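Participant: mind folding the following:
(one chain, ligands or ions: 2)
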Amino acid sequence: MYQLAPSILSADFARLGEQILEAEKAGVDMLHIDVMDGSFVPRISYGMPVIESIRRITELPFDVHLMVQEPLRFVRDFKECGADLLTVHAEACTHLHTTVTEIKKLGMKAGVALNPATPAESLRYVLPELDYVLVMTVNPGFGGQKFLPSMLDKIRSLHKLMGELGVKADVEVDGGITLQNVREVMDAGANWFVAGTSVFGGDIKQNAAGFKAAFGNEDKCR
Ligand code: DX5
Ligand code: ZN
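Facilitator: Numbers count the residues shown, from 1 in each chain. Ligands and ions are numbered 1, 2, ... in the order given. Here you go, the predicted structure:
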């Protein structure tokens with residue numbers, strides 16, 4: 001099923017609660033929450049206290065994307081502050097398999113994110129454990145960047161690998177997703193779409209409706 005996950009990184013933080021409720025009303029499927037540590041990526045965004053606060057105002061599933069070195073240290077904390085899905089970067093984990101196992105043990109869905117330079121093949125031995133894979137379609141760290149078209153090929157390689165292993169995981173894409181490119185990304189095989197600027201950078205209701213129309217016009221559901 002196609003799902004829209006707006007990234008609150010592009011929201012107006014002075015009106016964060018209000019904008020989340022607007023997105024919820026517009027029918028988005030989950031909320032993408034980018035946590036940055038100033039080490040794995042250059043910037044620091046927000047962390048547990050913000051997630052805890054917004055957990056109180058919405059029922060939307062929280063899709064927490066950790067751009068954090070050695071995230072195993074924080075898995076339990078993110079569960080406790082309200083994460084439903086937890087994504088860690090393959091490049092940030094010394095013990096990726098252990099980290100994924102821990103996320104699942106705590107009852108969250110587990111996903112692994114791949115930077116643009118990391119091949120799909122690097123997930124071969126952990127893929128059977130994953131609920132989803134997050135293919136970064138920009139280099140992580142900032143909203144509003146340009147989509148990297150070479151990632152379409154990575155999405156296709158990932159599907160090939162999943163076919164070979166008999167694994168069915170969702171494929172999430174993150175970075176530079178717009179109404180102009182969403183169809184070709186759907187055609188490549190992604191089914192969850194993170195969108196920051198193209199949802200929060202304007203009329204939230206209208207933007208979400210645009211994505212939902214794009215999803216609806218395709219009858220190719222997984
Ligand atoms: C980038 C973040 C993204 C970002 C996407 O490091 O992981 O989730 O918010 O923003 P847009 O959709 O504007 O590229
Ligand atoms: Zn993200």
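Participant: phi and psi next, for residue 110.
Facilitator: When quoted as degrees, to the nearest 10, the phi and psi of residue 110 stand at phi -110, psi 130.
Participant: got it, and residue 5?
Facilitator: Given degrees, to the nearest 10, the pair of backbone angles that residue 5 has is phi -130, psi 90.
Participant: please report how far residue 144 lies from residue 157.
Facilitator: Residue 144 sits at a distance of 27 Å from residue 157 (criterion: Cβ to Cβ, to the nearest Å). (C-beta placed from N, C-alpha, C; glycine too.)
Participant: go on, residue 92?
Facilitator: Residue 92 sits at a distance of 21 Å from residue 157 (criterion: Cβ to Cβ).
Participant: who's more crowded, the two?
Facilitator: Between residue 92 and residue 157, counting by other Cβ atoms under 10 Å, residue 92 is the more crowded of the two (23 against 15).
Participant: how about residue 95: what's its closest non-neighbour residue?
Facilitator: Beyond its immediate neighbours in the sequence, the residue positioned closest to residue 95 (Cβ to Cβ, 6 or more residues apart in numbering) is residue 72, lying 6.5 Å away.
Participant: and the chain, which residues reach ligand 2?
Facilitator: For the chain, the residues in contact with ligand 2 under the definition Cβ under 5 Å from the ion are 34, 65, 174.
Participant: out of these, who's the most crowded?
Facilitator: With neighbours set by other Cβ under 10 Å, the maximum within those is found at residue 65, which has 28 neighbours.
Participant: what helix or strand is it located in?
Facilitator: strand 62-67 (DSSP states H and E).
Participant: mind naming the longest helix for this structure?
Facilitator: helix 151-165 (DSSP state H).
Participant: got the CA positions of it in PDB?
Facilitator: What follows is helix 151-165, C-alpha atoms only, in PDB (Å, rounded to 0.1, in the frame of the first residue of the first chain):
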ATOM      1  CA  MET A 151      18.600   6.000  -6.600                       C
ATOM      2  CA  LEU A 152      15.900   4.700  -8.800                       C
ATOM      3  CA  ASP A 153      18.300   2.000  -9.800                       C
ATOM      4  CA  LYS A 154      19.000   1.200  -6.200                       C
ATOM      5  CA  ILE A 155      15.300   0.700  -5.500                       C
ATOM      6  CA  ARG A 156      15.200  -1.700  -8.400                       C
ATOM      7  CA  SER A 157      18.300  -3.600  -7.100                       C
ATOM      8  CA  LEU A 158      16.700  -3.800  -3.700                       C
ATOM      9  CA  HIS A 159      13.600  -5.400  -5.100                       C
ATOM     10  CA  LYS A 160      15.800  -7.900  -7.000                       C
ATOM     11  CA  LEU A 161      17.600  -8.800  -3.800                       C
ATOM     12  CA  MET A 162      14.300  -9.200  -1.900                       C
ATOM     13  CA  GLY A 163      13.000 -11.400  -4.700                       C
ATOM     14  CA  GLU A 164      16.100 -13.600  -4.500                       C
ATOM     15  CA  LEU A 165      15.800 -13.900  -0.800                       C
END
